[in-house]
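*Asks:* Structure for this input, please:
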Amino acid sequence: MAKRYRPVSTAAKTNTETADPSVAVLQHLRAKQLAKLLSIHPITVWHWSRKGKLPRPIKLGPNVTVWRASDIAKWLEGKAGSGTEAG
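*Replies:* Next comes the predicted model:
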């Protein structure tokens, strides 16, 4: 009988020091993941990023851009503390 392999998550695990528990399991977020977390459209992620309304993303390759989960968690804490929306 052939072994079945479970798919490996592409997201690296991190410790639970992240401020926001919803971001605690990922070190980096792609645009779609970030959009889902923020309940916005992925295009809005790119618009906010270009306007400087989000933390600065990291370019990992020509077609891969990510945001540090820790940066997003801190950004969300700041937004919750200030009581203002990002947009």
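*Asks:* where does this protein dip in pLDDT?
*Replies:* Within the chain, the set of residues satisfying pLDDT under 70 comprises 1-25, 83-87.
*Asks:* who does the longest helix along the chain touch, helix- and strand-wise?
*Replies:* Among all segments of the chain classified by DSSP state H, the helix with the greatest residue count is helix 69-82. Applying 3 or more Cβ pairs under 8 Å, 6 or more residues apart in numbering; DSSP states H and E, one finds that helix 69-82 contacts strand 28-29. In this view, the C-beta of every residue, glycine as well, is placed from N, C-alpha and C.
*Asks:* Name the residues of the helix or strand just after the strand it packs on that come out as buried.
*Replies:* Proceeding C-terminally, strand 28-29 gives way to helix 31-38 as the next helix or strand, assigned by DSSP states H and E. Buried positions in helix 31-38, judged by neighbour count with 16 or more other Cβ atoms under 10 Å: 31, 33-35, 37-38.
*Asks:* now swap in stretch 42-56 and tell me
*Replies:* Under the neighbour-count criterion of 16+ other Cβ under 10 Å, stretch 42-56 has 44-45, 48-49, 54-55 buried.
*Asks:* closest to A80 among the buried residues of helix 31-38?
*Replies:* Distances from A80 to those, taken as Cβ to Cβ, are shortest for L38 (12.6 Å).
*Asks:* My read is that that closest one contacts V45, right?
*Replies:* Yes: applying Cβ atoms under 8 Å as the test, L38 and V45 come out as touching, 7.4 Å apart.
*Asks:* Distance-wise, check V45 relative to A80.
*Replies:* For V45, the distance to A80 equals 19 Å [Cβ to Cβ, to the nearest Å].
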